[in-house]
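Enquirer: Got a sequence here, can you model it:
(2 chains)
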Amino acid sequence: MTDVAANASPLLSLRGIGKNYGPVVAVRDVDLDIHTGEVVAICGDNGAGKSSLIKVMSGAEEPTSGTMQMRGKDVHFASPHDALEHGVATIYQDLALAPRLSIAQNVFMGSELTRPFVLPFLRLLDKAKMIEESRRYLSKLSVAIQDMTRPVERLSGGQRQAVAISRALRWNADIIIMDEPTAALGVKETALVLDLIRTLKAGGHTVILISHNMRDVVALADRVVIMGAGRKFVDRPIDGLTADDLTHLIMSGNARAA
Amino acid sequence: MASITVSTPARGSRFKMLAQRLEVRMLALALIIGLCLSLLSPYFLTQSNIFNMLDQSVVIGIVAVGMTFVILTGGIDLSVGSVAGLTGIILGLSLQQMPIVPAIAVAVLAGGGIGLVSGLLINVFGLAAFVVTLGMMAIGRSLAYILSGQTAISNIPDAMQNIVYTNILGIPSNVLFLIVLYIVAWAYLTYTKGGRTIYAVGSNKEAARAAGLNTLFYSVLPYVLSGALSAVAVTFSISQLLSADPLMGNSMELDAIAAVVIGGASLYGGRGSMIGTLIGVFIMVMIRNGLNLMGVSPFWQGSAIGTIIIVALLVERLVSSRASR
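Expert: So this is what the prediction gives:
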C-alpha cells in the first residue's frame, strides 16, 4: 500500500469512515485526506464502495461509523444542502438540474439573489443580476453561452455539466465532487468536460472525480484512490501511471477482495 | 482550450424569438378565434358581450389560478369543482348564522383545509395526485348533497350582490378582483423565491431538495391555494345567483385544466405561466360564448369545445417542435 504524506493540513479529512446498509458493509474503515487544489480520482469496480463513500462526503448518506473534518473542524453533513453550506458540492451523474428551468434559474436554484422592492422587507428576485452572474460563472469555465434564459433541457451534455459546475461555483464550493462526469457523453463533449475540470483546477478548486474511464483519470488526476470491497487499498500520486496500470491495480484489488 | 458556443439569434429573427414564446402563439390563437367569432356573429364584439365574457371569465379564471400553481408543481387537482360545490353550501349555511365576511372566511378556510388534506396525502404519503383528488372530488360532492339536504339554499342575503355588482373605476368588482388576482399570482411566480421554488419543484423535485429548498411546503401550498380559490370562485357565483346549489362547480375541473393546458403549462410540471393561463381562460370563455351566440345546441357544445381544445394543442405541438428546431 502506498500513501501520500500530507505536507499541509488537509481541507477535508475522513477517519475510519464506514457505511452499512443493513447487513451489507459498503464502506469499511476508510481514511482519506483531500488537500486544497488537488484533483483526486476515486476508482474501483462496481460495488467497490466508491459511490457509498461519495454519498457520505456529499451529505446524501450519514456514515455508520467514523468522523469527518473540514479544515480541522469536526463536521457532520445531515443533507446534501448541509454539505453544500460547508463548501462541498456534488455533481451527480443525472446532474440534479431542473431541465425545464433556464440556465440562470438553475445556477441560482436555492440561492436566488433578491433586491428590495418598495418596502424594505419586500424582496423581489434580481433577475438581471442573476443572468449577468451566471454568464460570468460560465465564462470563467470558458463556456460561451449567450442566452442565460435558455432552458437546460435544450443544452448538450457538456453544457449541462458546465451549468452544474457553475452552480457549485455559485455556492463558493471548496470541494467539487463529480460523479462519472463523462459517462453519458460522446468524444467531443467528453473533451469539453475534461477542459472544464482543468479550468477548475487552474482556478485553485479542489475536485474529487469518480470515474470508470482510466484515460480521463490519468489525464486529469493528481492522485488516485482505488477501492475494492469497501476498503481503500491504493492512495498514491498518479505520476507515471498509465490507464493500463490503473486497470491492473483495480483488477488486483478485486482478486484480493475475492 | 475548447469553448462551447451557442449562437445568439441574429437580427431579423426577433419574430422567431417571439414565436418561440408559447404565450405569444396562444395570444395569436385567441385573436384568431375572436376574429372568426366576430365574423360569424355580429353580437360578438359588442361592448355588452365583451363585459359579459369578462364576467363569465371570473369564476373559471379564479379556479384556474390555483390549478396553474398545482400543475406547475407537476400535480393535478380534480377536486376543484366539487370543492366549489361543497364550500358553496358551507357558505350558504354559514350565511344563515353569521354576517357575510366571516361566512366567506369559513368557506375559504374550509376550501383551503380540503386542499391541505389532499396536499399532505399526496406529498407526505406519496399517493398519486390524480387518485387523491379524484377521491376528494367524490367526497366533496357527496358532502355537498348531504349538508344541503339535496336542495339549493336560496335565502342568501341581498347584500351579497354588492360583491359582484359594485363598480370601481367603471370596472365591475368581480372582474377587478380577477385582474388583481392574476397580477399578484403572476408577480409571485415571476419575481419571488417562493414562485421560483414552485417551478423548481415541478421541474426536478430532487434537485430542488438538494438545493435546500423547502419542497414539502411548496408542494402542499398549491393544493391549499387551489381549494381556497375554489371557495372564492363559488362565492362570486353565489353572489350573482343569490342561491347555493350542491351541483355548483360541476365539471369545473375540466374547464380549469383545459384553460391551464391551453395556456401552455406542461402537465409534467415546471412549465407554465399566469399570462398563458389567462389567455387559456379567455379562449375557453370565447368559444363557449361564441357557440351560444351562434345558437349551437348545448348538446353539441361539448363536442365542439373538446375538438377545439385537442386541435389547438395538436397545432401547438407541431408549431413548437418546429419553432425550437
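
Enquirer: just the helices in the chain please.
Expert: Using chain A here. For chain A, helices defined by DSSP state H occupy the ranges A:50-58, A:80-85, A:103-107, A:127-140, A:157-170, A:187-202, A:214-220, A:243-257.

Enquirer: should've been chain B
Expert: B:14-20, B:22-40, B:47-72, B:80-97, B:100-123, B:129-148, B:162-165, B:173-191, B:193-203, B:205-210, B:215-241, B:252-262, B:274-293, B:298-323.

Enquirer: In CSV: those, plus distance to chain A, mean pLDDT and mean neighbour count.
Expert: (Glycine included, C-beta is placed from N, CA and C.) Shown next, in CSV, are the helices of chain B (distance: least, Cβ to the nearest Cβ, whole Å; pLDDT from 0 to 100; neighbours: other Cβ atoms under 10 Å in any protein chain shown):
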stretch, distance to chain A, mean pLDDT, mean neighbour count
helix B:14-20, 10, 65, 13
helix B:22-40, 12, 87, 16
helix B:47-72, 10, 94, 23
helix B:80-97, 24, 96, 26
helix B:100-123, 18, 97, 21
helix B:129-148, 18, 96, 18
helix B:162-165, 28, 86, 15
helix B:173-191, 4, 95, 17
helix B:193-203, 3, 94, 24
helix B:205-210, 4, 87, 22
helix B:215-241, 10, 96, 24
helix B:252-262, 15, 90, 25
helix B:274-293, 14, 92, 23
helix B:298-323, 12, 76, 13
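
Enquirer: May I see those organised as a markdown table, with distance to A:K129 added?
Expert: Shown next, in a markdown table, are the helices of chain B (distance: least, Cβ to Cβ, whole Å):
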| stretch | distance to A:K129 |
| --- | --- |
| helix B:14-20 | 22 |
| helix B:22-40 | 25 |
| helix B:47-72 | 24 |
| helix B:80-97 | 38 |
| helix B:100-123 | 32 |
| helix B:129-148 | 35 |
| helix B:162-165 | 42 |
| helix B:173-191 | 13 |
| helix B:193-203 | 14 |
| helix B:205-210 | 21 |
| helix B:215-241 | 23 |
| helix B:252-262 | 31 |
| helix B:274-293 | 23 |
| helix B:298-323 | 29 |
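
Enquirer: Which of the helices of chain A sits closest to B:L247?
Expert: helix A:103-107 (42.7 Å; Cβ to Cβ).

Enquirer: so what does the closest one touch, helix or strand wise?
Expert: Contacts defined by 3 or more Cβ pairs under 8 Å, 6 or more residues apart in numbering or on different chains; DSSP states H and E place helix A:103-107 against helix A:127-140, helix A:157-170, helix B:193-203.

Enquirer: per-stretch mean pLDDT over those, give me the minimum one.
Expert: Here the lowest mean pLDDT among the helices and strands packed on helix A:103-107 goes to helix A:157-170, at a mean of 87.

Enquirer: do it and chain B meet?
Expert: Yes - with Cβ under 8 Å from any Cβ of the partner chain as the criterion, chain B is reached by helix A:157-170 at A:G158, A:Q159, A:A162.

Enquirer: Return the closest of those with respect to A:L249.
Expert: A:G158 (28.9 Å).

Enquirer: Leaving out the residues flanking it, which one is nearest to the residue in chain B that chain A sits nearest to?
Expert: Relative to chain A, the nearest point of chain B is B:A211 (2.9 Å; Cβ to the nearest Cβ). Taking Cβ to Cβ, 6 or more residues apart in numbering or on different chains, and ignoring the residues beside it in sequence, B:A211 has A:G110 as its nearest neighbour in space, at 2.9 Å.

Enquirer: show me what contacts the one you found?
Expert: Counting by Cβ atoms under 8 Å, 6 or more residues apart in numbering or on different chains, A:G110 touches A:H81, B:A200, B:A208, B:A211, B:G212, B:L213.

Enquirer: B:G272 now?
Expert: B:T68, B:I71, B:L72, B:V260, B:G263, B:G264, B:A265, B:S266 are the contacts of B:G272 under Cβ under 8 Å, 6+ apart.

Enquirer: Near chain B, which residues of chain A are found?
Expert: Going by Cβ under 8 Å from any Cβ, the residues of chain A near chain B are A:79-81, A:84-85, A:96-101, A:105, A:109-112, A:114, A:117, A:124-125, A:127, A:142-147, A:150, A:154-156, A:158-159, A:162, A:191-192, A:195, A:198-199.

Enquirer: From those, list the buried ones, please.
Expert: For the residues of chain A next to chain B, a burial check counting by 16 or more other Cβ atoms under 10 Å in any protein chain shown picks out A:80-81, A:84, A:96-101, A:105, A:109-112, A:124-125, A:127, A:142-143, A:145, A:147, A:150, A:155, A:158-159, A:162, A:192, A:195, A:198-199.

Enquirer: possible to save the helices and strands packed on helix A:103-107 as a markdown table with distance to B:L39?
Expert: As requested, those are exported to a markdown table (distance: least, Cβ to Cβ, whole Å):
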| stretch | distance to B:L39 |
| --- | --- |
| helix A:127-140 | 41 |
| helix A:157-170 | 48 |
| helix B:193-203 | 39 |
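
Enquirer: And the ones you listed: which comes nearest B:L91?
Expert: Short answer: helix B:193-203, nearest of the helices and strands packed on helix A:103-107 by Cβ to Cβ, at 28.2 Å.

Enquirer: Could you check the angle that closest one makes with helix B:47-72?
Expert: Orientation of helix B:193-203 against helix B:47-72 (axes from the mean of the first three to the mean of the last three Cα atoms, to 10 degrees) gives an angle of 70 degrees.

Enquirer: which ones are touching the nearest residue to A:G16 once chain neighbours are set aside?
Expert: Counting by Cβ to Cβ, 6+ apart, the nearest residue to A:G16 once its immediate chain neighbours are dropped is A:G66, at 4.0 Å. If you count contacts by Cβ under 8 Å, 6+ apart, A:G66 has them with A:L14, A:R15, A:G16, A:I17, A:G18, A:D29, A:V30.

Enquirer: so where's chain A shaky on pLDDT?
Expert: Scanning chain A for pLDDT under 70 picks out A:1-7, A:93-95, A:253-258.

Enquirer: from it, which residue is nearest to chain B?
Expert: Counting by Cβ to the nearest Cβ, chain A gets nearest chain B through A:G110, at 2.9 Å.

Enquirer: Now that residue. Its backbone dihedrals?
Expert: When quoted as degrees, to the nearest 10, the phi and psi of A:G110 stand at phi 90, psi -10.

Enquirer: What is the nearest of the contacts of A:G110 to A:L185?
Expert: For these, the residue nearest A:L185 by Cβ to Cβ is B:A211; the value is 23.7 Å.

Enquirer: was I right about that closest one contacting A:M109?
Expert: Yes - taking contacts as Cβ atoms under 8 Å, B:A211 lies within contact range of A:M109: 4.5 Å.

Enquirer: which neighbours do the two share?
Expert: When contacts are counted by Cβ under 8 Å, 6+ apart, the set common to B:A211 and A:M109 consists of B:A200.

Enquirer: show me the contacts for A:A98.
Expert: Remark: with contacts taken as Cβ under 8 Å, 6+ apart, A:A98 is in contact with A:Q105, A:N106, A:M109, A:V152, B:Y199, B:A200, B:S203, B:N204, B:A207, B:A208, B:G270.

Enquirer: Tell me which residues touch the nearest residue to it once chain neighbours are set aside, please.
Expert: Closest residue in space to A:A98, ignoring its immediate chain neighbours: B:S203 at 3.4 Å, by Cβ to Cβ, 6+ apart. Going by Cβ under 8 Å, 6+ apart, B:S203 touches A:A98, A:P99, A:R100, A:L101, B:G269, B:G270, B:R271.

Enquirer: Could you double-check that the last one sits in contact with A:R100?
Expert: Put plainly, it is B:R271. Yes - using Cβ under 8 Å, B:R271 makes contact with A:R100 at a distance of 4.8 Å.
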